[in-house]
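Asker: one predicted model, sequence on top.
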Amino acid sequence: MSKTYHRPLAQCGPDRPRSALSLAGGWAWFTHVERIVRGGPREVVPVRELSLSLRQRLTTPRLPLAGLALDRPRLMGVLNVTPDSFSDGGAFSDTETAIAHGRKLLAAGADILDIGGESTRPGAAEVPGPEEIARTAPVIEAIREADPDALLSIDTRKADVAEAALGAGAVMLNDVSAMTYDPRMAEVAAVHEGPLCLMHAQGDPATMQKSPRYDDVLLDVYDFLEARVAAAEAAGVPRARLVVDPGIGFGKTLEHNLALIRGIGLFHMLGCALLLGVSRKRFIGTIGGEPDAARRAPGSIAVALEAIRQGVQITRVHDMAETRQAVALWQAVNAIE
C-alpha cells in the first residue's frame, strides 16, 4: 500500500476562519491540507477529514528549545570559523575576529548563534577533529563568557567536536549528517539533554553536488528525516528536543531546492521544530543573477519570509540586522506579535 502524506496549507494574518487550526502552536494556521499519495494523486482536503492523531501532530505546540520559545519566528546567526566558507571567504577564521562577529550577530538580534569549524560547501574537504575543536571551542568559550545568556549551537558532524563545544558553553547540536557520519553523536546528544538538529544531505560535501537524484525530492527527504527522528528517539533523544532541516543545497539541484521550499510545510508532520538554512546559497545567486555570495541578502530574505509564512520556526541567516528588520515588518503587516 502506498504511503500517504499530509501537507498543511499554511496561511497567516488576522482573517482567520473559525474552522482553522493553529500550525504547531505558532503564528500560522490552516483550514486545508494537501493529501499526497506516493506515486499517486495529490488532492486538497479540509482539516475535518484529518484523523485525531494527525491533527494532534500538526497542531501541538513545539516545546521551547533550551528555554527559547518557538511561538514566534526565530533567527539563527551563522558564524563560520573556517578559512574556506562559501559565504564569507574565511573572513572570520581568526579567533578574535570570529568572537567580535559573533557578538555583533547577537547584538543585531540573533536568537541562536551557530558556530562551525568545518566548511560544508560543495567540494569541501574534511577537517580533522582536533583542528575543528581548536577553531570553535575558544570562540564558544569567549562568547559564553561575554554573554552568559547567549544560546550557542555547534555546527559539526563529529562527536568529539560536539563534546568539546558543549564543554565550552554550547547548548545545541547541529549535525548536517543527521548522525550518519558519527554514530556516537546520538550518545552525546542523549547525555547532553539539549536540542539536536538533524539535517538531510545526499552524499558528503566533497561529492554531494555530483548529479543528485531523487524519486520525489520532497517525499524522499521527508522519509529520511522521519527515519533519523526515529533513530534519535531510539538512542534516547526525545522528539521534543529535535529540530529537522531539509538541507537546502546539500545534494540538491536548483529545482530540488525550490520543491523543498514550496513544500516545507510537509515537515510539520514530523512533530518537530523546523529549521531552514538558505542564506546566500548558490541557487539564490543563480535565480537572482548575483555571483557574489555576500550580496545575496535580498534573495535570502525573500526565501526566509516564505519559510516563515509556512510556519518554519528557525531560519539560519548571515545578514542578521537586515533579516531581523524584514521579519519585524512582515509580522506587523500580518498582525503577528
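Answerer: Perfect, thanks for sending it.

Asker: which stretches in the stretch 101-250 of the chain count as strands?
Answerer: 112-116, 152-155, 172-175, 196-199, 242-245 (DSSP state E, counting those that start in this stretch).

Asker: show me where the protein dips below the pLDDT cut-off.
Answerer: The model of the chain has pLDDT under 70 over residues 84-93, 121-124, 204-209.

Asker: got the domain boundaries for it?
Answerer: Residue ranges for the domains of the chain, per automatic domain parsing: 1-61, 62-330.

Asker: how long is the last one end to end?
Answerer: Here the two ends of domain 62-330 are set 22 Å apart, with distance taken as C-alpha to C-alpha, to the nearest Å.

Asker: same deal with stretch 308-325?
Answerer: End-to-end for stretch 308-325, by C-alpha to C-alpha: 14 Å.

Asker: now swap in stretch 261-268 and tell me
Answerer: 13 Å.

Asker: stretch 143-157 too?
Answerer: Start and end residues of stretch 143-157 are separated by 22 Å (C-alpha to C-alpha).

Asker: again with stretch 270-281
Answerer: One end of stretch 270-281 to the other measures 25 Å (C-alpha to C-alpha).

Asker: on that earlier part again, to Ile336, which of the domains of the chain lies closest?
Answerer: Ile336 lies closest, by C-beta to C-beta, to one member of the domains of the chain: domain 1-61, at 4.6 Å. Glycine gets a C-beta too; all of them are placed from N, C-alpha and C.

Asker: for the closest one, the distance to its chain's centre please.
Answerer: From the chain centre to the centre of domain 1-61 is a distance of 21 Å (C-alpha atoms, centre = their mean, to the nearest Å).

Asker: do the same with stretch 190-205
Answerer: 10 Å.

Asker: report the buried residues of it.
Answerer: For stretch 190-205, a neighbour-count test (16 or more other C-beta atoms under 10 Å) marks 190, 192, 194-202, 204-205 as buried.

Asker: turn the residues you listed into TSV, columns for distance to Ala293.
Answerer: What follows is the buried residues of stretch 190-205, written out as TSV (distance: C-beta to C-beta, whole Å):
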residue	distance to Ala293
Ala190	36
His192	32
Gly194	30
Pro195	28
Leu196	28
Cys197	22
Leu198	25
Met199	20
His200	22
Ala201	19
Gln202	22
Asp204	21
Pro205	16
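
Asker: Leu274: neighbouring residues, count only.
Answerer: Leu274 is flanked by 26 other residues according to other C-beta atoms under 10 Å.

Asker: beta partners of it?
Answerer: As for beta bridges, Leu274 partners with Val244 under DSSP bridges.

Asker: test my guess that it contacts Phe267.
Answerer: Yes - between Leu274 and Phe267 there is a contact under C-beta atoms under 8 Å: 5.4 Å.

Asker: list residues touching both of the two?
Answerer: Listed as contacting both Leu274 and Phe267 by C-beta atoms under 8 Å, 6 or more residues apart in numbering are Val244.

Asker: sorry, back to before: closest to Val37 out of the buried residues of stretch 190-205?
Answerer: His200 (21.6 Å).

Asker: for the nearest residue to the closest one once chain neighbours are set aside, phi and psi?
Answerer: Spatial nearest neighbour of His200, chain neighbours left out: Gly247 (4.0 Å); criterion: C-beta to C-beta, 6 or more residues apart in numbering. When read as degrees, to the nearest 10, the backbone of Gly247 gives phi 70, psi 60.

Asker: what's near enough to touch Gly247?
Answerer: Here Gly247 is in contact with 176, 199-201, 221, 277 (criterion: C-beta under 8 Å, 6+ apart).

Asker: try 6 Å
Answerer: By C-beta atoms under 6 Å, 6 or more residues apart in numbering, the contact set of Gly247 is 199-201.

Asker: now do Val171
Answerer: Contacts of Val171 by C-beta under 6 Å, 6+ apart are 66, 151, 194.

Asker: may I see these organised as TSV, with distance to Glu131 added?
Answerer: Below are these laid out as TSV (distance: C-beta to C-beta, whole Å):
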residue	distance to Glu131
Ala66	27
Leu151	25
Gly194	24
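
Asker: tell me the one of those residues nearest Glu306?
Answerer: Within these, proximity to Glu306 (C-beta to C-beta) peaks at Leu151, which comes in at 24.6 Å.
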